[in-house]
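1. Give me the fold of what follows.
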Amino acid sequence: MTTVTSPLAGVAIGLSAVPDPVFSGAMVGPGTAVDPVREPIEAVSPVDGIIVSLHPHAFVVVDPDGHGVLTHLGIDTVQLNGEGFELLAAKGDTVERGQALVRWDPAVIEQAGKSPVSPVIALEAAADSLGAVLEEGVVDTATTLFKWK
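-> Purely as a prediction, here's the structure:
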């Protein structure tokens, strides 16, 4: 069982509230989303594992059980070409839950016309493989978002 904690401080809102049909329709995988606080913050690893993909706006960490967790910082933020994001780790790094991976400011992203809402996705997971999915309430980087069987 993999416990996935929030990579961000903010409010859990659930995938259905994400303003992007690819995420809200769970086409990438099941999970939830966090509407982050509007201040400069660090996105942290939601699991212990290895960074297999790292972009300024998104990262995937695979845990020892082979579960890949995608954190996508904002919606359509790939269009910003990395502006407003600072990488704090590198692809291939072994990381621990809670380790800072990207520094960014959701308020700046919002001012650029993008949504800072951040999906946290269990890649290639069956919808029924997640338990206790958090879809509301204030979260910090120690809050469990879901458990992956």
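2. in the longest helix seen in the chain, what counts as buried?
-> Ranked by residue count and defined by DSSP state H, the top helix of the chain is helix 106-111. For helix 106-111, a neighbour-count test (16 or more other CB atoms under 10 Å) marks 106-109 as buried. C-beta coordinates here come from the backbone N, C-alpha and C atoms, glycine included.
3. which among those gets closest to residue 38?
-> For the buried residues of helix 106-111, the residue nearest residue 38 by CB to CB is residue 107; the value is 4.1 Å.
4. now the closest one: how far from residue 75?
-> Separation of residue 107 from residue 75 (CB to CB, to the nearest Å) stands at 15 Å.
5. For the spatially most distant residue from the centre of the chain, give its distance to residue 65.
-> In the chain, the residue that sits farthest from the middle, by CA atoms, centre = their mean, is residue 111; the gap is 20.3 Å. Shown here: residue 111 relative to residue 65, a distance of 39 Å by CB to CB.
6. List of residues touching the longest helix of the chain?
-> Helix 106-111 is contacted from outside by 10, 36-39, 41, 73-74, 77, 80, 84, 115-116, using CB atoms under 8 Å, 6 or more residues apart in numbering.
7. One more pass at 6 Å, please.
-> Under the contact criterion CB atoms under 6 Å, 6 or more residues apart in numbering, helix 106-111 has outside partners 36, 38, 74, 84, 116.
8. ditto for stretch 13-33
-> Stretch 13-33 has contacts (CB under 6 Å, 6+ apart) with 12, 35, 75, 115, 117, 119-123, 125, 127, 130, 133-135, 145.
9. again, only using 8 Å
-> 4, 12, 34-35, 70, 72, 75-76, 115, 117-127, 129-130, 133-136, 145-146.
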